[in-house]
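S.K.: Got a predicted structure plus its sequence, pasted below:
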Protein chains: 2
Amino acid sequence: MIKIITISREFGSGGRTIGKKVAAKLGIPCYDKDLIEKIAEETGYAKEFIADESEYAPNSNSLAYMFIGRGLDGLSNADKIWIAQKKVIEELAEKGACVIVGRCADYVLKGREDCLNVFVYADKKLRAERIVKQYGESAVEPEKRLADKDKKRKLNYKYFTEQEWGKRQNYHLSIDSGFLGIEKSVALIVDAVGGAAGNE
Amino acid sequence: MIKIITISREFGSGGRTIGKKVAAKLGIPCYDKDLIEKIAEETGYAKEFIADESEYAPNSNSLAYMFIGRGLDGLSNADKIWIAQKKVIEELAEKGACVIVGRCADYVLKGREDCLNVFVYADKKLRAERIVKQYGESAVEPEKRLADKDKKRKLNYKYFTEQEWGKRQNYHLSIDSGFLGIEKSVALIVDAVGGAAGNE
């Protein structure tokens, strides 16, 4: 019986919106930015700092990353956030049915038979249009914004999970939200769960 | 409106069974081995020869493949089969709603807005169990049979399409049939089509 749904997504694919809609349809909570608040409570770090460090770090300059900013315990800020993030996600999964967007939740909850891991992606052109509509114009070209954000997510995922972000084998369902549309993507995930989440 | 469904699949994932069941639910034909017969009619080659050449070739010894077995027209047997296969698939798609299993149909029909491309995969252990159940024991270990067949499909796909077999971006939906099960995989594809195929 599937109880937990993790959603990983390319920037601009609508994955977060899909996660919220799936949760609403199933009547279960969707954790997204709330995760950052919970990690802040765990670690004592400011929310903005966590958002930057955990989604963006480690940057491609990985040697510098390895040696800078470590405490006496030998752990970097990013490591500490990772440990807290892992704990928060595991506790949420134990608490009950939910949707978790991003933050390598698929990896943290890997192997749980009650957890469906979904990856949402879309054509670059559609994503570029979507981020301009959603987040507004910026001095940086939308294509560059997409590439930067996806690269950072990819590196972050790789660093902590030693797996490849977006590779189908790490997910149970990969959905092209550009081709299928947001509503159909939501319906497919709800169908995959079989309406079971939240009813246990 | 989705009218055509192509199903690409890892060996032993149940993709062919899923394709047949989807077609039965939608009341449309499923082309699988029938494709070979149609290609035989086009080319004049024997069915067995086509099955071997088109799914298996080109083998990894690609230099030999490039120079052996070419006719006066400079085309190898595999090339001729590819051209006939492409023609057969395009004609079937024009004819009406259908499911097409394998044979790079996703690539041949790429860009058609009425065509949903699905990839079906599953855990190696489950696939190994499935092929022994489905095709019986053999002197070759099931894990080796899986690896051989998938490698051949991958090479064949790469050779003719210059794309990567199984890479999510080449499909609209990738389904882990091991985790979700055959029936749910069928239901998801039918839902993705929106019950529209065959009704046009």
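M.R.: Arrived safely, thanks for sending.

S.K.: Centroid-nearest residue for chain A?
M.R.: A:Gly102 (0.7 Å; CA atoms, centre = their mean).

S.K.: Was I right to think it contacts A:Glu10?
M.R.: No. In this structure, A:Gly102 is not within contact of A:Glu10 by CB atoms under 8 Å, at 11.2 Å. For the C-beta atoms, the positions are set from N, CA and C on the backbone; glycine is no exception.

S.K.: Identify the residues contacting the residue nearest to the centre of chain A.
M.R.: Residues counted as contacts of A:Gly102 (CB atoms under 8 Å, 6 or more residues apart in numbering or on different chains) are A:7-9, A:15-16, A:32, A:35, A:55, A:153.

S.K.: Out of those, give me the one that has the most neighbours.
M.R.: Within the contacts of A:Gly102, neighbour counts (other CB atoms under 10 Å in any protein chain shown) peak at A:Ile7, which reaches 30 neighbours.

S.K.: follow-up on the earlier one: dump the contacts of A:Gly102 into TSV; add distance to B:Lys184, pLDDT and secondary structure as well.
M.R.: Output for the contacts of A:Gly102, formatted as TSV (distance: CB to CB, whole Å; pLDDT from 0 to 100; DSSP: H, G, I helix; E, B strand; the rest coil):
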residue	distance to B:Lys184	pLDDT	secondary structure
A:Ile7	18	97	strand
A:Ser8	20	95	strand
A:Arg9	22	94	strand
A:Gly15	21	95	helix
A:Arg16	25	95	helix
A:Asp32	26	90	coil
A:Leu35	28	88	helix
A:Glu55	32	61	helix
A:Arg153	28	86	helix
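
S.K.: export those to CSV and tack on distance to A:His172?
M.R.: Converted to CSV, these look like this (distance: CB to CB, whole Å):
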residue, distance to A:His172
A:Ile7, 11
A:Ser8, 11
A:Arg9, 15
A:Gly15, 15
A:Arg16, 19
A:Asp32, 20
A:Leu35, 21
A:Glu55, 23
A:Arg153, 19
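
S.K.: Which residues of chain A lie near chain B?
M.R.: Within chain A, the positions near chain B by CB under 8 Å from any CB of the partner chain are A:116, A:119, A:121, A:166-169, A:171-176, A:179-180, A:184, A:187-188, A:191-192, A:194.

S.K.: after the lowest-mean-pLDDT helix or strand in chain A comes which helix or strand?
M.R.: One helix or strand of chain A scores below all others by mean pLDDT, DSSP states H and E: helix A:62-67, with a mean of 48. Where DSSP states H and E defines the elements, the next helix or strand beyond helix A:62-67 is helix A:77-95.

S.K.: Give the other helices and strands that the next helix or strand after that following helix contacts.
M.R.: Next in sequence after helix A:77-95, counting helices and strands by DSSP H and E, comes strand A:98-101. With contacts taken as 3 or more CB pairs under 8 Å, 6 or more residues apart in numbering or on different chains; DSSP states H and E, strand A:98-101 sits against strand A:4-9, helix A:15-26, strand A:30-31, helix A:77-95.

S.K.: Give the pairing partners of strand A:98-101; include direction for each.
M.R.: Its sheet considered, strand A:98-101 pairs with strand A:4-9 (parallel), strand A:30-31 (parallel) by DSSP bridges.

S.K.: how about low-confidence regions in chain A?
M.R.: A:53-72, A:195-200 (pLDDT under 70).
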